[in-house]
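Asker: Provided below for reference: sequence and predicted model.
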Protein chains: 2
Amino acid sequence: MKYSAIRRMAKLVQRSDIISFAAGAPSADTFPVDDIRRITASVLENDAKAALQYGLTLGYAGLIDAVVDFCQTRKGMSVAVEQVCITSGSQQALDLIGRLFLDPGDVAFVELPSYVGAIAAFRNLQAQTVGVRHANDGIDIEDLVRQIKACQQSGGRPKLVYVIPNFQNPSGITLSLEKRKTLVEVADRFGLMIVEDDPYGEVYFDVHSAGALRPIRTLDGENRVIYLSTFSKILAAGLRVGWIVAPAKIIEKIDLAKQATDLCGSMLDQRIVTECWRQGVILRHLPAIREFYRARCDAMLEALTEMMPTGVSWTKPSGGLFLWVTLPEQLDSEVLFSEAIAQQRVAYVSGQPFHVNSKGHNTLRLAFSRENEDNIRTGIHRLAGLFKSHLE
Amino acid sequence: MKYSAIRRMAKLVQRSDIISFAAGAPSADTFPVDDIRRITASVLENDAKAALQYGLTLGYAGLIDAVVDFCQTRKGMSVAVEQVCITSGSQQALDLIGRLFLDPGDVAFVELPSYVGAIAAFRNLQAQTVGVRHANDGIDIEDLVRQIKACQQSGGRPKLVYVIPNFQNPSGITLSLEKRKTLVEVADRFGLMIVEDDPYGEVYFDVHSAGALRPIRTLDGENRVIYLSTFSKILAAGLRVGWIVAPAKIIEKIDLAKQATDLCGSMLDQRIVTECWRQGVILRHLPAIREFYRARCDAMLEALTEMMPTGVSWTKPSGGLFLWVTLPEQLDSEVLFSEAIAQQRVAYVSGQPFHVNSKGHNTLRLAFSRENEDNIRTGIHRLAGLFKSHLE
């Protein structure tokens, strides 16, 4: 199934009578709407002409300062202003980094499964994506080394490894601290860049687990790691504001590439996000956002435990928006999807498009971001019924 | 000089003691700030959650309707909703179209001079840009045909011709109606796409000349022409909203390419622009915008006529933000630039970067958008003094 098909599917399942675990968007109920209203009015009251004019390609200076501050206070990551580029969401960051590092035929290693948007961005540039096995503590380092060597031996050009270390989309899995360290060593050894995509890192459910979420970049990875994040999940997704942290020399090249791509991002969006950070809106709302998704995740895990038939397993995320279900081998989640929609009025995303090796037919992604706890129970009940009926 | 150097130059000349004819941005004084304030507040009051959530890659449906309406009422152009993609400014449109039509080594024909952002977008994709001569009525059709044939004969792959038909950036020149028709014939004959970039078409100074501005797309060019425009010059540049009109099959491909590029543009920007169109803000403000730039253009033309030494010539734009100066052959505008800044405190952009053939050393672009009439007279006086001192 192609990326376009997933998106058509996502549109389809926005029909209101369907319980949707498909949509990957954060819940709009987590957006601090009143604060954004107030701040937007004040930006347009005090500085409208600048907020409505072109700005610098790398981003509004005040927002770059905010990102530096965010990285320091939230991530324990020292970042200089010359190491930051503001992007139109993380998706633009993936595209720009791909353009910089991937010539046609170059190899990017991605987890099995991995984020479809990254896969699409790399493939769009005619890069080759090679899948690496994935365990409950993240990317399988031995398999990565094996794949890099195989690539080199067959004359391929390994360039980067792409990981979502925290509450991965689609699996909900978190990369262990031990493996984060090893990953940097492997990248050093083989001369690869690490693209560390961290949209969900602040959406953890348990404050004790937050310590294990140290950015790979802080583990001797300053020159090896390109760190990405976004305000989409912790403020508002429609304000298209993400960022890249990378060595200054790379940011200079990104500046050039971005100029030819969009000149600059939305200045109004950037000003709003800047003020949301400065005025503490983001930090103030984070606990509520975490609690919001934790409750939904708990409800889903509880329902799965209670209702799913033997042979069905799932991940237990400690943050993020997603969990990952594995069905018995004989079931095909893509085949079951039409039944899930037509008969059960419940939607998910089947697992195959997240696999660059076309495997994963018996897997699927469930997002617990969109539906409330009642709907989650009802939806899981329906899905469990569907799977049972095919296992009898 | 590279694109990056131009932009560094543009930053430099934002110093307040310098009269700048360099910056290519529209004047923020033309932005309908009060209307935008009111409309933004109402969007966030009535529909905040949707305005702050992800949207469709091709753009907000209400805005696509607005663009269809704009094309019909302002451009006499029938457009279906399936033929529109909203972009993050016209620059993103150039990048997306380049990605779709230009493989590395493919040839894009551009005028001498042409817009640096388009040149950068095409070159960024490793396409080859071939310059075509330019006269006072636009692109030299005979030279275009000659260049296409030469390209074919040398085994090149001619793919598209890029023109800015109305008040071109950088020259201020308008493509004649006759040539618009011929251009479609030539594109048909050689199987080329025409990229018609029209950011300035509504900023005309004389209502009588508006009839001559028919989009090339309306001249039997529906299947040959990709039409681009933007709200940057007629509403606000920092709201990053442009659009592409193209055959529906091309829009489908752009959808896929854009998904991997940014998922979607700023939803808030798109909602604001939509309401500005629906509520008539854009149409209501257009006369004032035209008058604003007309007065500045008149002041610059008058000062040039009065003050410039013999041997210096310039275009007489009937719209837009720019005019184009040609100095006697022995002068080099790039060499003179440092003197212009250091001694005369006046800035322009030298002509060479607009020429893909590295010619144009004795040309320069003057923007009349930024400075008021008094500063325009003072700045031209200083420039005239500088040029005279080098001609004596």
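Answerer: Received it, and whenever you're ready, just let me know what you need.

Asker: tell me the pLDDT at the closest residue to chain B within the stretch 101-250 of chain A?
Answerer: Nearest to chain B in the stretch 101-250 of chain A, going by C-beta to the nearest C-beta, is A:G238, at a distance of 3.4 Å. C-beta here means a position set from N, CA and C on the backbone, and glycine is covered the same way. Here the pLDDT value assigned to A:G238 is 95.

Asker: now A:G211
Answerer: On the pLDDT scale, A:G211 gets 74.

Asker: neighbours of it, just the number please.
Answerer: The tally of other residues near A:G211 (other C-beta atoms under 10 Å in any protein chain shown) stands at 10.

Asker: Which of the three states applies to it?
Answerer: Following DSSP: H, G, I helix; E, B strand; the rest coil, the label given to A:G211 is helix.

Asker: separation between it and A:F205?
Answerer: For A:G211, the distance to A:F205 (C-beta to C-beta, to the nearest Å) stands at 14 Å.

Asker: cool, and A:F354?
Answerer: From A:F354 to A:F205 the distance is 22 Å (C-beta to C-beta).

Asker: Of the two, give the one with the bigger neighbour count.
Answerer: A:F354 (27 against 18).

Asker: That one is in contact with A:R365, isn't it?
Answerer: Yes - the criterion here is C-beta atoms under 8 Å, and A:F354 meets it with A:R365 at 6.9 Å.

Asker: helix, strand or coil for A:K233?
Answerer: Using three-state DSSP, the structure places A:K233 in coil.

Asker: Grab the nearest non-local neighbour of it.
Answerer: Distances taken as C-beta to C-beta, 6 or more residues apart in numbering or on different chains place A:P26 nearest to A:K233, at 4.9 Å, with adjacent residues excluded.

Asker: count of residues packed around A:A288?
Answerer: 11.

Asker: next one: A:P113
Answerer: When neighbours are counted by other C-beta under 10 Å, A:P113 comes out with 26.

Asker: Could you measure from it over to A:T326?
Answerer: According to C-beta to C-beta, A:P113 stands 11 Å off from A:T326.

Asker: Quickly list what's touching both of these two.
Answerer: Here A:P113 and A:T326 share the contacting residues A:T363, scored by C-beta atoms under 8 Å, 6 or more residues apart in numbering or on different chains.

Asker: Please enumerate the shared neighbours of A:F354 and A:R365.
Answerer: Looking at what touches both A:F354 and A:R365 (by C-beta under 8 Å, 6+ apart), the common residues are A:113, A:170.

Asker: How many neighbouring residues does A:K149 have?
Answerer: As a burial measure, A:K149 scores 12 neighbours (other C-beta under 10 Å).

Asker: Could you do the one 10 residues further on as well?
Answerer: Residues lying near A:K159 (other C-beta under 10 Å) number 22.

Asker: For it, what is the enclosing helix or strand?
Answerer: strand A:158-163 (DSSP states H and E).

Asker: Which positions in the next helix or strand after that strand come out as buried?
Answerer: Once the chain leaves strand A:158-163, the next helix or strand it forms, by DSSP H and E, is helix A:177-190. Using 16 or more other C-beta atoms under 10 Å in any protein chain shown as the test for burial, helix A:177-190 gives A:177, A:179-180, A:182-184, A:186-187.

Asker: what's the answer for stretch A:373-383, then?
Answerer: Buried residues in stretch A:373-383, defined by neighbour count with 16+ other C-beta under 10 Å: A:375-383.

Asker: Ok, stretch A:70-90 next?
Answerer: Buried residues in stretch A:70-90 (16+ other C-beta under 10 Å): A:70-71, A:74-75, A:77, A:79, A:83-90.

Asker: go on, stretch A:311-323?
Answerer: Quick answer for stretch A:311-323 (16+ other C-beta under 10 Å): A:312, A:314-315, A:317-323.

Asker: Only alpha carbons, please: show that stretch as PDB.
Answerer: C-alpha atoms of stretch A:311-323 as PDB (Å, rounded to 0.1, in the frame of the first residue of the first chain):
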ATOM      1  CA  GLY A 311      -2.100 -14.900  20.000                       C
ATOM      2  CA  VAL A 312      -2.600 -11.200  19.600                       C
ATOM      3  CA  SER A 313       0.100  -9.100  21.300                       C
ATOM      4  CA  TRP A 314       0.800  -5.300  21.600                       C
ATOM      5  CA  THR A 315       3.400  -2.900  22.800                       C
ATOM      6  CA  LYS A 316       3.100  -1.000  26.100                       C
ATOM      7  CA  PRO A 317       4.100   2.600  25.400                       C
ATOM      8  CA  SER A 318       5.300   4.900  28.200                       C
ATOM      9  CA  GLY A 319       4.400   7.900  26.100                       C
ATOM     10  CA  GLY A 320       3.300   9.200  22.700                       C
ATOM     11  CA  LEU A 321       0.200   8.600  20.700                       C
ATOM     12  CA  PHE A 322       0.500   5.100  19.400                       C
ATOM     13  CA  LEU A 323       0.700   1.400  20.100                       C
END
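
Asker: average model confidence for it?
Answerer: 97.

Asker: Could you do stretch A:166-182 as well?
Answerer: Mean predicted confidence for stretch A:166-182 is 97.

Asker: Is that stretch in proximity to chain B?
Answerer: No - using C-beta under 8 Å from any C-beta of the partner chain, stretch A:166-182 never reaches chain B; the gap is at least 12.9 Å.

Asker: who touches A:I86 in this structure?
Answerer: A:I86 neighbours (C-beta under 8 Å, 6+ apart): A:58-60, A:63-64, A:67, A:241-243, A:265, A:270.

Asker: For these, which entry has the maximal number of neighbours?
Answerer: A:G265 (34 neighbours).

Asker: Mind listing residues that contact the helix or strand encompassing A:I64?
Answerer: Per DSSP H and E: A:I64 is located in helix A:61-75. With C-beta under 8 Å, 6+ apart as the test, helix A:61-75 has contacts from A:58, A:77-81, A:84, A:86, A:201-202, A:215, A:218, A:241, A:243, A:245, A:270-271, A:273-274, A:277-278, A:282.

Asker: got CSV for the buried residues of helix A:177-190, with distance to A:H134 too?
Answerer: Below are the buried residues of helix A:177-190 laid out as CSV (distance: C-beta to C-beta, whole Å):
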residue, distance to A:H134
A:L177, 17
A:K179, 11
A:R180, 15
A:T182, 15
A:L183, 13
A:V184, 18
A:V186, 15
A:A187, 17
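
Asker: Give the next helix or strand downstream of the helix holding A:I64.
Answerer: That would be, after helix A:61-75 and using DSSP H and E, strand A:84-87.

Asker: A:S232 against A:W243, yeah?
Answerer: No - here A:S232 lies out of contact with A:W243, judged by C-beta under 8 Å, at a distance of 11.2 Å.

Asker: Mutual contacts of these two, please.
Answerer: Between them, A:S232 and A:W243 share no contacting residue, judged by C-beta under 8 Å, 6+ apart.

Asker: all helices of chain A, in order?
Answerer: Ranges of helices within chain A are A:3-12, A:33-51, A:61-75, A:89-101, A:116-124, A:141-153, A:177-190, A:248-262, A:267-278, A:281-307, A:333-342, A:373-391, based on DSSP state H.
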